[in-house]
Each structure stands twice: as C-alpha cells, then as structure tokens.
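> I would like the atomic coordinates for the input below:
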Amino acid sequence: MGTVDLGVKHAPVVIKDGAFIGAHTIVLKGVTIGERSIVGAGSVVTRSIPDYEIWAGNPAKFIKKVE
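As a prediction, this is how the structure comes out:
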C-alpha cells in the first residue's frame, strides 16, 4: 500500500539546547524554542521564542530576558 495524503499541514518543532518547557504546555507546529529559554507551565506557544527569554500564558507572551 502507498501513502495517503490527508491534506494535513505540518512543520517541525525545534527545541534548542537548555530550553525548559513547563508541564502541560502546547507547542504549535513550526515553532522554535530558543536556547536556554523558559516556557511557563500550561502555556500555548503560537510563535517562535528567541534565545534567553521567558514566555508564559495563553497565548504565550514575553515576560523577560534571562540573564
């Protein structure tokens, strides 16, 4: 049997070194979580997070830079 194209859009999720993602967080397709970034528990990440930043919420929003 061959593969069946169901028309589902997909894109990879990239989690860089040292990133921390809290429990019950949802990360949508095509998003990159930056190096040493932190995502608060229960967040919904809808866009890429730069390196060394803290984000949280639904949708996830910038909180502050990590030193």
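
> show me what the residue most central in space within the chain is bridged to.
Centroid check for the chain by CA atoms, centre = their mean gives Val27 as the closest residue, at 4.2 Å. Residues in a beta bridge with Val27, per DSSP bridges, are Val45.

> pull the contacting residues for it.
Taking CB atoms under 8 Å, 6 or more residues apart in numbering, we find Val27 in contact with 13, 21, 33, 39, 45. Where C-beta positions appear, they are placed from N, C-alpha and C, glycine not excepted.

> of those residues, which belong to strands?
Under the assignment DSSP state E, these contribute 21, 33, 39, 45 to strands.

> Gly2 and Val39, how far apart?
38 Å (CB to CB, to the nearest Å).

> also Lys61?
With CB to CB as the criterion, Lys61 and Val39 are 11 Å apart.

> who's more crowded, the two?
More crowded of Lys61 and Val39, by other CB atoms under 10 Å: Val39, with 25 against 11.

> span of stretch 7-27 from start to end?
End-to-end distance for stretch 7-27: 21 Å, by CA to CA, to the nearest Å.

> and stretch 60-67, average pLDDT?
Averaged over stretch 60-67, pLDDT sits at 95.

> got the CA coordinates for it in PDB?
The C-alpha trace of stretch 60-67 is given here as PDB (Å, rounded to 0.1, in the frame of the first residue of the first chain):
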ATOM      1  CA  ALA A  60       2.400  32.700  25.400                       C
ATOM      2  CA  LYS A  61       3.700  36.300  25.800                       C
ATOM      3  CA  PHE A  62       7.100  37.700  26.500                       C
ATOM      4  CA  ILE A  63       7.800  38.100  30.300                       C
ATOM      5  CA  LYS A  64      11.500  39.000  30.500                       C
ATOM      6  CA  LYS A  65      15.100  38.200  29.300                       C
ATOM      7  CA  VAL A  66      17.100  35.500  31.100                       C
ATOM      8  CA  GLU A  67      20.500  36.800  32.400                       C
END
